[in-house]
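> Quick check, what structure comes out for this input:
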Amino acid sequence: MAANPLQNLFRVPELKDKILFTLFILLIYRAGSHITVPGLDVGALREQFGQLQDTFFGIYDMFVGGGLSRATILALGIMPYISASIMFQLLSAVFPTIEKLQKEGEEGRKKLTQWTRYVTILLAMAQSYGYASFLQAIPGAVTDPGFVFVFTTIVTLTVGAIFVMWLGEQITENGIGNGMSLLIFFSIIQTFPAAVARTWESYMLNEIGIFSLILLLAVVIGVTAAVVAMTMASRKIPVQIPRKVVGRGRIREGQKSFIPLRLNSAGVMPIIFAQSFIVVPGTAAALFPGVGPLEMITEVFAPQTWPYYVTLGALIIFFTYFYTAIIFNPVDLAENLKKQGGFIPGVKPGARTSEYIDRVLTRVTLPGAIYLALVSLVPFWIFDFFQINTFYFGGTSLLIVVGVGLDTVQQAQQLLLLRHYDGFMKKGRVKMRGRQRFM
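Numbering: from 1, shown residues only. This next block holds a predicted model:
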């Protein structure tokens, strides 16, 4: 009978310490999310934010666990660091220097990490200034507006962003790993219990029928299962590595392997880019009220309308191809394969291999892009049709939660596997020493 994996996690001392350390860091992050920036009336701020859920502020607020709507000292969260990382990833396709650093191994990675930290501080300062200006524009939100409030808000939020970046690095180095993603994961799931409680309260008050409640549960389970399946789905391109003579007459046997091309290579980024673009009119109209063209565009592309859904779906498909082309380079892959002496059966090495991989990737990306669009839109269609507004279950948050969850589970399994092999090797060394004593 197989042992319970959860029990194994806490039986291994190293893994147990990593999990407890990660939970401790997340507890600190959660505690900081309840300390408000000085000089604010949070009640007036929440009332204003209730009207901005469909703007860029609402999307940003989701990633920081509601810290933006509460104006906490950690309101910026890990997003400045994530934005800086994405910026360097996109710039690597334009500037050869950055691309070269990415290929230099550990030293190049350290230098890019340092540059990312500097850009994170600059982005945090710029976002803090914009947020402070936004707070001063809300009637009654700031008790004493002026230079002092703006300066203290910039310092507080920038230091908070640096602190969150440090927390994420601590999880990556000393915890279970993938610290930046885990902070976003935790920020999203911490809103789920309150949403479940609101939904149950609406059911008890007969605001939601039993059929709608069952349908809501079915949609959540079905979409989650689909996301898990599509996240792990891939198209495997077979690769053959021939037998080769290595060193002094030693022969390395031929190997058969494969190149996995995921159906969703771009992850959640296309949805984030698409939502960031489509909320620009609404955000501009909220910041500059009374501008006729902006209000007209906002009405046309308002959420829960077909122009909004069609435009969002088209943007998601476009950005899926765009981001996949940036992060996946068939030419480099073909060159690396050629250097190792490997080849794809039936395809000539070099340019033909690159063209073949690019053609397969283009075909695989289409169902992945359509899947991303459906995951983002189907929950909204169901909830709008049955008038369920107590539970937010968007594609962006779901993809992040599932992706980070699967990655964390895989890392825990790798740690358990390494622990198993370490123990096996130690037993082997002990046996060898025992034999040597009697020789």
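> for the stretch 301-439 of the chain, what are the low-confidence residue spans?
The stretch 301-439 of the chain contains residues with pLDDT under 70 at 301-303, 383-396, 418-439.
> Under the pLDDT cut-off, which ranges of the stretch 1-150 of the chain? List them.
Scanning the stretch 1-150 of the chain for pLDDT under 70 picks out the ranges 1-10, 48-59.
> Now do the strands in it.
Using DSSP state E, counting those that start in this stretch, the stretch 1-150 of the chain contains no strands.
> Same check on the stretch 251-400 of the chain?
Along the stretch 251-400 of the chain, counting by DSSP E, counting those that start in this stretch, strands occupy 255-262.
> can you count the residues close to the nearest residue to Thr152 once chain neighbours are set aside?
Nearest residue to Thr152 in three dimensions, chain neighbours excluded: Pro38, at 6.6 Å (C-beta to C-beta, 6 or more residues apart in numbering). Backbone N, C-alpha and C define where each C-beta goes, glycine included. For Pro38, the neighbour count with other C-beta atoms under 10 Å is 13.
> was I right about Pro38 contacting Val148?
No: between Pro38 and Val148 there is no contact under C-beta atoms under 8 Å: 10.2 Å.
> Outline the domain layout of the chain.
By the assignment in automatic domain parsing, the chain contains the domains 1-191+401-439, 232-391.
> Out of those domains, which gets nearest to Ser202?
Closest of the domains of the chain to Ser202 is domain 232-391, at 5.0 Å (criterion: C-beta to C-beta).
> quick one: the closest one to chain centroid distance?
14 Å (C-alpha atoms, centre = their mean, to the nearest Å).
> Likewise for stretch 28-46?
The answer for stretch 28-46 is 24 Å, by C-alpha atoms, centre = their mean.
> For the closest residue to Ile86 other than its chain neighbours, the count of nearby residues, please.
Leaving aside its sequence neighbours, Ile86 sits nearest to Met269 (C-beta to C-beta, 6+ apart; 7.3 Å). For Met269, the neighbour count with other C-beta under 10 Å is 20.
> Isn't Leu372 up against Thr320?
Yes: taking contacts as C-beta under 8 Å, Leu372 lies within contact range of Thr320: 5.9 Å.
> Identify the contacts common to the two.
266, 270 (C-beta atoms under 8 Å, 6 or more residues apart in numbering).
> where do the helices sit along the stretch 1-150 of the chain?
Counting by DSSP state H, counting those that start in this stretch, the stretch 1-150 of the chain has helices at residues 5-11, 13-32, 42-49, 56-63, 67-70, 79-91, 96-102, 106-137, 147-174.
> Most tightly packed of the ones you listed?
Mean neighbour count (mean count of other C-beta atoms under 10 Å) peaks for helix 67-70 among these, with a mean of 24.
> and it, how far out from the chain's middle?
20 Å.
> What lies in contact with that helix?
33-34, 36, 42, 45-46, 49, 57, 60-61, 74-77, 131, 187.
> Thanks a lot, see you next time.
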